[in-house]
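**Student:** Turn this into a model:
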Amino acid sequence: MGRMTGEKGRRTFELVRCGQHSIRPSILLMDVEWVRAICLSFPGATEQIQWGNDLLFKVGGKMFAVTPLEPAPVCLCFKAAPENFAVLTERPNIIPAPYLARAQWVALQTRDALQADELARFLRDSYEMVFAKLPKKTQEAVSRPRSSARKPRSKRPAKKKHGRSR
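**Tutor:** Sure thing, here's the model as predicted:
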């Protein structure tokens, strides 16, 4: 990422690249945090760092969005509906996602390729498409609210197995 140097309490940052734009790391982190907040607001959504420095957002173990934590040629990837895939990839700074285009994923080359409200809607759509493909049992488990308290264990002693001992 960028290098931070201090001088009498002041911080200066080297600029880093995200797609075609140079931005300060604090702005990059703020954008990742915004995407993170949106994605983790969906029921059962989880996050995981994978492939070195990519932050994946998953539901039921299946990913629905990916963002790099370090500067990269693309800033965010997500699954798009077939009708949206064609429309989105015709827009500037949005391309078919590397390695995932055949599954209708798009990649943003710049953070400003989509307006915030539009991006939030596409992330929700991506989540819902992936959720819909999960097995019904997994969908039910994801939808069920988790209780923080564990079930109390029975105080009965364990049953002994009857049989011959050797």
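**Student:** Quick check: next helix or strand after the longest helix anywhere in the chain?
**Tutor:** Determined from DSSP state H, the single longest helix within the chain is helix 116-133. Per DSSP states H and E, helix 116-133 leads on to helix 136-143 as the next helix or strand towards the C-terminus.
**Student:** Buried residues of that following helix, list them for me.
**Tutor:** For helix 136-143, a neighbour-count test (16 or more other Cβ atoms under 10 Å) marks 138, 139, 142 as buried. C-betas here are computed from N, CA, C, even on glycine.
**Student:** now do stretch 83-103
**Tutor:** 84, 85, 88, 89, 93, 94, 95, 96, 97, 100.
**Student:** Surely the second one and residue 107 touch.
**Tutor:** No - using Cβ atoms under 8 Å, residue 85 is not in contact with residue 107, being 11.4 Å away.
**Student:** Overlap of the contact sets of those two?
**Tutor:** Shared contacts of residue 85 and residue 107, defined by Cβ atoms under 8 Å, 6 or more residues apart in numbering, comprise residue 96.
**Student:** if we can go back for a sec, quick one: contacts of the longest helix of the chain?
**Tutor:** With contact meaning Cβ under 8 Å, 6+ apart, helix 116-133 is reached by 34-35, 38-39, 42, 44-45, 57, 59-60, 62-65, 76, 78-81, 84, 88, 114, 139, 142.
**Student:** Please list all residues in contact with the nearest residue to residue 93 once chain neighbours are set aside.
**Tutor:** Spatially, and ignoring its direct neighbours in sequence, residue 93 is nearest to residue 113 (3.9 Å; Cβ to Cβ, 6 or more residues apart in numbering). Contact partners of residue 113, counting by Cβ under 8 Å, 6+ apart, are 75, 91, 92, 93, 94.
**Student:** go again using 7 Å as the cut-off
**Tutor:** Residues near residue 113 by Cβ atoms under 7 Å, 6 or more residues apart in numbering: 91, 93, 94.
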